[in-house]
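Chemist: Give me coordinates for this.
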Amino acid sequence: MKKKKKNLIATLALICSLAALMVSGLGLVVTPADQSHLIDDLYAENQQLQERVEALENELEQLMTAVNLQSWILKVNPWVDSTGADVILNATPTGHQAGVSATFLVMLEGRQVQAIPCIWDGSAFTATASLSAADGYSYYLLLTSPAGTQQLPLTDSSSPESAIPVYLQSSLSSYCNLVVNDWVENPGSALVLTDAYAQVQLPRVSVAGEVEIGKAEVVLRLNDTESIRLPIKLSPSEVAGSFELVITDLQIPMPELTETDVLELYLEVSLTDGRKLTAFGVTWHLENEKLTSAVG
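Modeler: Next up, the predicted model:
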């Protein structure tokens, strides 16, 4: 710092000397005292400029600090028909300065699908994006301040809850599956499923709130007419919202058949939000007095 001050004084002295030469060339007399006062004035002015620069640097640092997020949340409100949802952003910055604005950006497959100006509610930036059901969304907050712009990622699929707005279509949808690989037949008595699998995927978000399985049943139909209905109980799997049952000994009463008859097996599931899911499993018919299947 002392070296800089000496260099500054030397520079000011040189300037004063040149000024003195110019003044002397005009026939005026500049005394050493005048030069000393001039140096003092220039030094004081430089000090003021340095203080102003430091103040501006501090303001810039504060603005850059404001262009960061302390926390945020993406809340998903599904539409009644489950074809899409409103994704609501609430983002709290580490600080807020006048002149700072924000835009909620939504991307899908590398292209921008929404750019919504945020509202500052006094403590957080808020915005709502109305999105059709699709998987692979990514979300950003574009913060703009006198210091520049910064695009901050909001996408986070590290937990089942935070993955919901990313995989929006999967989170809104529900379905069931029934796979029948093997069985034992006792015509006129029972049809025993020895190798089958049932699975139900619940919606992660619903207008009705948390959704559960009301009942799940295996349904046997003879020539499109219901013959028997048996309840089954599924257990949670490792996948969030998914339930499953490995079937190794499910006995289904079997009606008498002719070779023109057709047996069909379905899985029917009722959800607590009013949805009914159906999955076709297998079709059987008699061939040479033996039950033959046409899977799928």
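Chemist: where in the stretch 151-296 of the chain is pLDDT low?
Modeler: Counting by pLDDT under 70, the ranges of the stretch 151-296 of the chain that qualify are 157-158, 187-188, 295-296.
Chemist: at 80 what do you get?
Modeler: 156-160, 186-188, 289, 294-296 (pLDDT under 80).
Chemist: in stretch 235-248, what counts as buried?
Modeler: Neighbour counts over stretch 235-248 (16 or more other CB atoms under 10 Å) mark Gly241, Phe243, Glu244, Leu245, Ile247 as buried. Any C-beta I mention is one placed from the backbone N, CA and C, and that applies to glycine too.
Chemist: let me fix that: stretch 137-147
Modeler: For stretch 137-147, a neighbour-count test (16+ other CB under 10 Å) marks Tyr137, Ser138, Tyr139, Tyr140, Leu141, Leu142, Leu143, Ser145, Ala147 as buried.
Chemist: again with stretch 285-296
Modeler: His285, Leu286, Leu291, Ser293.
Chemist: isn't the second one right next to Asp261, touching?
Modeler: Yes. In this structure, Leu286 is within contact of Asp261 by CB atoms under 8 Å, at 6.8 Å.
Chemist: So which residues of the stretch 101-250 of the chain form helices?
Modeler: Along the stretch 101-250 of the chain, the segments classed as helices by DSSP state H, counting those that start in this stretch run 168-172.
Chemist: What segments of it are strands?
Modeler: Secondary structure of the stretch 101-250 of the chain by DSSP state E, counting those that start in this stretch: the strands cover 101-108, 111-117, 119-120, 125-132, 137-145, 148-153, 175-186, 190-201, 213-222, 225-232, 235-236, 242-247, 250-253.
Chemist: Any idea which of those strands gets closest to Asp273?
Modeler: Comparing the strands of the stretch 101-250 of the chain against Asp273 with CB to CB, the closest turns out to be strand 213-222 (9.2 Å).
Chemist: So which elements touch the closest one?
Modeler: Secondary structure elements in contact with strand 213-222, counted by 3 or more CB pairs under 8 Å, 6 or more residues apart in numbering; DSSP states H and E, are strand 190-201, strand 225-232, strand 250-253, strand 262-271.
Chemist: For Thr194, which non-adjacent residue is spatially closest?
Modeler: Setting aside the residues directly before and after it, Thr194 is nearest to Asp182 in space (CB to CB, 6 or more residues apart in numbering), at 5.1 Å.
Chemist: Now do the contacts for the one you found.
Modeler: Asp182 makes contacts with Leu193, Thr194, Asp195, Ala196, as judged by CB atoms under 8 Å, 6 or more residues apart in numbering.
Chemist: before we move on, what about Ile164?
Modeler: Contact criterion CB under 8 Å, 6+ apart gives Val76, Ser171, Arg204, Val205 as the residues in contact with Ile164.
Chemist: isn't Ala216 right up against Pro231?
Modeler: Yes. In this structure, Ala216 sits in contact with Pro231. The criterion is CB under 8 Å, and the distance is 6.9 Å.
Chemist: Mind checking which of those two has more residues around it?
Modeler: Looking at Ala216 and Pro231 with other CB atoms under 10 Å, you find the greater number of neighbours at Ala216, namely 21 against 8.
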